[in-house]
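Engineer: Based on what follows, work out the 3D shape:
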Amino acid sequence: MKTILFKGILNGFDLIGRKFYYNNDLPKDVYSVRNREYSFKSKYNKLDIHFPEGNTEKLPIMIYIHGGGWTIGNKGNYTKLCQTIANEGFLVFNINYRLGPKNQHPSQVIDVIDAIKWVKENYTDYNGDINQIFLGGDSGGAHLSSLVSCILTNENLRKSYNIETPIVKEQLLGLILYYGAYNFDTLIDTGFPAIKIMVKSYIGTKKPEESQYIDQISPIDHITKDFPPVFITAGKVDWLYSQTAEMIEELDRKGIQYSKLIFDKTTKEAQHAFINFYKRDCTKEAYNATIEFLKENIKHSVKI
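Structural biologist: This next block holds a predicted model:
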């Protein structure tokens, strides 16, 4: 009952934000294709495609995974972000996926892999470069994008999921992480609002240590030397910030290349979900840093 009430309230706020705030002032020179089915597992398996209008060059690919604690959220909340990235010379796929509690782990992971498979099968229709792929997401989407990156670069983890990956690690050029969840051993301790509801919705229990998936679900446990370069951002006012701090520490420990943008506690606007509120100064800074990271990590310049 708590989960249903939680989903209902936040879905209402989401709908208002999506219709009236998140996606104003869209770039004028971006073409979009909406709601392409990438899998027939559920009605949620759809994606939007954004790319520069009139482009004739092969474009590096960005696959974006929305946040919402694995329980709520919608790709439509990120049209502004994805079109802004597309406007800078990228082919962006913005995906929906199955949500908890009806669909629990590993359904979300399977959906992301299915979306990558669909991109591999269809990228030529949109002038994409399948050898230049970036993954990214916010909050729960940052967890999923980093976990899938681990599956793509850690053979032992891939085998534990018994899943075939549609691309090889060399095709994954980078990872965009906005205020994500990376360590389930410490996630509940953050005190993030409704975190127990979201965790139970995702893995079936409020106590991660009781989950049959506890050895799989924390990206921080599966980073190898082959993990891609990372752009990571969060605000210290975010209740979930300690997860970002832990991730940065692990990236340092494993010698992974990364760029970070951390807002101190004086930046009150850098609360959780700030990437949706594009008029905030911290969000503008994060947009610019994201695009800078993407351009620095493509294999060649793209003319637009």
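Engineer: C-terminal to the lowest-mean-pLDDT helix or strand in the chain, what's the next element?
Structural biologist: Least confident helix or strand of the chain, by mean pLDDT, DSSP states H and E, is helix 2-20 with a mean of 73. Using DSSP states H and E, the helix or strand that follows helix 2-20 in sequence is strand 30-37.
Engineer: secondary structure class for D48?
Structural biologist: strand (DSSP: H, G, I helix; E, B strand; the rest coil).
Engineer: quick one: I214 from A245, how far?
Structural biologist: 21 Å (CB to CB, to the nearest Å). C-beta: built from backbone N, CA, C; applies to glycine.
Engineer: Comparing the two, which shows the higher neighbour count?
Structural biologist: With neighbours defined as other CB atoms under 10 Å, I214 and A245 compare such that I214 has more, 16 against 13.
Engineer: All the strands of the stretch 201-304 of the chain, in order from the start?
Structural biologist: 230-235, 258-263 (DSSP state E, counting those that start in this stretch).
Engineer: That should have said the stretch 1-150 of the chain, apologies.
Structural biologist: 30-37, 46-52, 59-65, 91-95, 128-138.
Engineer: Out of these, which gets nearest to K260?
Structural biologist: strand 128-138 (14.6 Å; CB to CB).
Engineer: which helices and strands sit right next to the closest one?
Structural biologist: Applying 3 or more CB pairs under 8 Å, 6 or more residues apart in numbering; DSSP states H and E, we find strand 128-138 packed against strand 59-65, helix 107-122, helix 140-153, strand 172-178, helix 281-297.
Engineer: For the last one, which outside residues touch it?
Structural biologist: The list of residues contacting helix 281-297 from outside it, by CB atoms under 8 Å, 6 or more residues apart in numbering, reads 60, 62, 81, 84-85, 88-90, 134, 136, 173-174, 176, 178, 229, 231, 233, 235, 259, 261, 263, 267, 269-270, 274-278.
Engineer: can you count the residues close to K19?
Structural biologist: 10.
Engineer: TSV for the helices and strands packed on strand 128-138, including mean pLDDT?
Structural biologist: Output for the helices and strands packed on strand 128-138, formatted as TSV (pLDDT from 0 to 100):
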stretch	mean pLDDT
strand 59-65	99
helix 107-122	99
helix 140-153	99
strand 172-178	99
helix 281-297	99
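Engineer: Let's have these in JSON lines, adding mean neighbour count and distance to E249.
Structural biologist: Formatted as JSON lines, those follow (neighbours: other CB atoms under 10 Å; distance: least, CB to CB, whole Å):
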{"stretch": "strand 59-65", "mean neighbour count": "25", "distance to E249": "23"}
{"stretch": "helix 107-122", "mean neighbour count": "20", "distance to E249": "24"}
{"stretch": "helix 140-153", "mean neighbour count": "26", "distance to E249": "14"}
{"stretch": "strand 172-178", "mean neighbour count": "26", "distance to E249": "14"}
{"stretch": "helix 281-297", "mean neighbour count": "17", "distance to E249": "20"}
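Engineer: Take the ones you listed and lay them out in TSV including distance to P219.
Structural biologist: Formatted as TSV, the helices and strands packed on strand 128-138 follow (distance: least, CB to CB, whole Å):
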stretch	distance to P219
strand 59-65	13
helix 107-122	11
helix 140-153	4
strand 172-178	9
helix 281-297	18
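Engineer: Next, count neighbours for E209.
Structural biologist: E209: 9 neighbours (other CB under 10 Å).
Engineer: Pull the number of nearby residues for I163.
Structural biologist: Residues near I163, counting by other CB under 10 Å: 16.
Engineer: quick one on the thing from earlier: could you single out the most deeply buried of the strands of the stretch 1-150 of the chain?
Structural biologist: Highest mean neighbour count among those (mean count of other CB atoms under 10 Å): strand 91-95, with a mean of 29.
Engineer: What strands line up against that one, and which way round?
Structural biologist: strand 46-52 (antiparallel), strand 59-65 (parallel) (DSSP bridges).
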